[in-house]
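K.L.:
this is the structure alone, sequence omitted:
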């Protein structure tokens, strides 16, 4: 899984719906782990294979809260709740690193999230439980949960099902702020466009490649096309460059050319491979989903399970 872009965190894995703790762990063991510095608490994993999988068949929240919350108490007691019994809760995209939304969570909300794998919060306006997506269908599947070093905020590392924002934007953070030299604060972006959506490096590159592909369709006669446009319009050239860059990356190891050279060649390979994927309408998210599905699986077993090529 892609690393969260947050520091001083301790990780918890979301539990299968039938249990909280691993069968080999007791609540006492979990309590000691939860209070250890930079603890990693393995509670199991709520695992999805498709982005449309949603755990809607979990037991009712009231049953879970009454029957299971006592088993979560050692961990929940270790959190630093505010005067209203809440902590800040942030949903972050597991693949892109985007911050999807920020809300608050109480004990029951965190308990329910860990057991169902669905991002659940405490709504201050409704004064009660709020499972994101119950009204809109835009659920947020939670893959991992992180707490910060002060234990007063929590991150749901997630796969969103549809837009996370009530405006139907993929993230609530679509307004970019800038402070030009000598000028006033400027704001750019709205919920209709993703151009200002905060992206991690590879997703920003994917967006740029997409824009170059769209621009390549309207190149005026005599206008010099970009290198990306040349690759998009010439499949033979694009495939040749992918093979060439892969070979040069291998050579950095064989010839012991050093880390900087290896990083440079890897960057070239990734760029050209992403152009090739874009032309085939394969998104980086689809690639990440395949990688995620292979976590915890032997490479030999995974390769043997692949369907034969036609």
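P.N.:
Arrived safely, thanks for sending. Remember, it's a predicted structure, so these values are computed and weren't measured experimentally.

K.L.:
and stretch 162-181, end to end?
P.N.:
Terminal residues of stretch 162-181 are spaced 38 Å apart (CA to CA, to the nearest Å).

K.L.:
in that stretch, what counts as buried?
P.N.:
By neighbour count with 16 or more other CB atoms under 10 Å, stretch 162-181 contains the buried residues 163, 164, 165, 169, 170, 171, 172, 173, 174. (C-beta placed from N, C-alpha, C; glycine too.)

K.L.:
for the residues you listed, which one is nearest residue 271?
P.N.:
For the buried residues of stretch 162-181, the residue nearest residue 271 by CB to CB is residue 170; the value is 23.9 Å.

K.L.:
how far away is that closest one from residue 90?
P.N.:
Distance of residue 170 to residue 90, computed by CB to CB, to the nearest Å: 15 Å.

K.L.:
now for the buried residues of stretch 162-181: which two are most distant?
P.N.:
163 and 173 (12.5 Å).

K.L.:
hey, what's in contact with both of those two?
P.N.:
Both residue 163 and residue 173 lack any common contact, where contact means CB atoms under 8 Å, 6 or more residues apart in numbering.

K.L.:
how about the strands of the protein, start to end?
P.N.:
In the chain, the segments counted as strands under DSSP state E are 9-13, 40-41, 87-93, 99-105, 120-123, 128-131, 140-148, 153-160, 176-178, 186-188.

K.L.:
quickly compare those and say which is most buried.
P.N.:
Neighbour counts (mean count of other CB atoms under 10 Å) averaged over each of the strands of the chain peak at strand 153-160, with a mean of 24.

K.L.:
circling back to that earlier point, can I get the buried residues of stretch 162-181 in CSV with pLDDT?
P.N.:
CSV is the format used below for the buried residues of stretch 162-181 (pLDDT from 0 to 100):
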residue, pLDDT
163, 91
164, 92
165, 92
169, 88
170, 87
171, 89
172, 91
173, 88
174, 85
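
K.L.:
which among the residues you listed gets closest to residue 117?
P.N.:
The closest of the buried residues of stretch 162-181, once distances to residue 117 are taken by CB to CB, is residue 164, at 16.1 Å.

K.L.:
residue ranges with poor pLDDT in the stretch 1-150 of the chain?
P.N.:
Scanning the stretch 1-150 of the chain for pLDDT under 70 picks out 1-70.

K.L.:
all helices for it, in order.
P.N.:
Counting by DSSP state H, counting those that start in this stretch, the stretch 1-150 of the chain has these helices, from start to end: 27-34, 61-77, 107-116.
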